[in-house]
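Peer 1: Quick one, structure for this:
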Amino acid sequence: MYLIVGLGNPGDEYAQTRHNLGFMLVDKLAADAGVKVKRHECQSLVGSAIVENQRVKLAKPQTFMNLSGEAVSCLIARGEGGAADSLIVISDDLALPFGTIRLRQRGSAGGHNGLKSIIAALGTNEFIRLRIGIQPEHPLSDTRRFVLDGFSKAERESLTDILERAADAARTVLRDGVLKAMSLFNG
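Peer 2: All right, here's what the predicted structure looks like:
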């Protein structure tokens, strides 16, 4: 069973912010599979689904971004697979141009506090990550404010297509493996 974790911050005030792209993609995967992500488990909202003939647990940690590792390590400890190699983490990425999809089998946190927390809690960086670019076209003076702000009008107009492409990337990982998905989506 795969565990697909979307990173974000809980609460309505964060729902439509750049930092919540992980939550948005988990919600899209759940809606496409006809399930809800609403059961409480391990400080997360979770739902179970079949995606590309794979059993998956979809999760949105409710610990706030910087403590995501607490929820993820608990979910892995309780999981049937019980291994980080069946983990897919979805996050925003300030270093990637807006809307760019990037898949990796492993790697550093790249400055992302949610990924830092997960790596620290699991003691490994050996898990799949699907990152969605949010980089602005202008220099930032306050990155924290930027990631916690809502999308611009232009960004909102392309968000549906970006989430569809990211969902296709996640489904490709489940169906064909991460290497094939990387070759198709990392451009």
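Peer 1: so where's the longest strand in the chain?
Peer 2: Ordering each strand of the chain by length in residues (DSSP state E) puts strand 87-97 first.
Peer 1: In its sheet, which strands sit next to that strand, and in what direction?
Peer 2: According to DSSP bridges, strand 87-97 forms sheet pairs with strand 2-6 (parallel), strand 128-135 (parallel).
Peer 1: Minimum distance to E155: which of those has it?
Peer 2: Nearest to E155, of all the strands paired with strand 87-97, is strand 128-135, at 8.3 Å by Cβ to Cβ. (C-beta placed from N, C-alpha, C; glycine too.)
Peer 1: Quick one: name whatever helix or strand follows that closest one.
Peer 2: Later in the chain than strand 128-135, the nearest helix or strand by DSSP states H and E is helix 143-148.
Peer 1: How far off centre is that following helix?
Peer 2: Distance of helix 143-148 from its chain centroid, counting by Cα atoms, centre = their mean, to the nearest Å, is 17 Å.
Peer 1: List of residues touching it?
Peer 2: 9, 14, 17-19, 92, 94, 134, 136, 140 (Cβ atoms under 8 Å, 6 or more residues apart in numbering).
Peer 1: which one among those residues gets closest to V173?
Peer 2: V173 has its nearest neighbour among these in D92, at 18.0 Å by Cβ to Cβ.
Peer 1: returning to what we had before: buried among the contacts of helix 143-148? Need that as a selection in ChimeraX.
Peer 2: To isolate the buried ones among those in ChimeraX, judged by 16 or more other Cβ atoms under 10 Å, type:
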select :9,14,17,18,19,92,94,134
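Peer 1: Throw the contacts of helix 143-148 into CSV and include distance to M65 and pLDDT, thanks.
Peer 2: Shown next, in CSV, are these (distance: Cβ to Cβ, whole Å; pLDDT from 0 to 100):
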residue, distance to M65, pLDDT
N9, 6, 96
Y14, 9, 94
T17, 11, 94
R18, 12, 94
H19, 6, 92
D92, 10, 95
L94, 13, 92
I134, 13, 95
P136, 19, 88
L140, 17, 80
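Peer 1: Kindly indicate which of the contacts of helix 143-148 lies nearest L174.
Peer 2: Distance to L174 across these (Cβ to Cβ) is lowest for D92, with 21.1 Å.
Peer 1: Which pLDDT value belongs to the residue lying farthest from the centre of the chain?
Peer 2: Distance from the C-alpha centroid of the chain, by Cα atoms, centre = their mean, peaks at S141 (25.3 Å). We have a pLDDT of 80 for S141.
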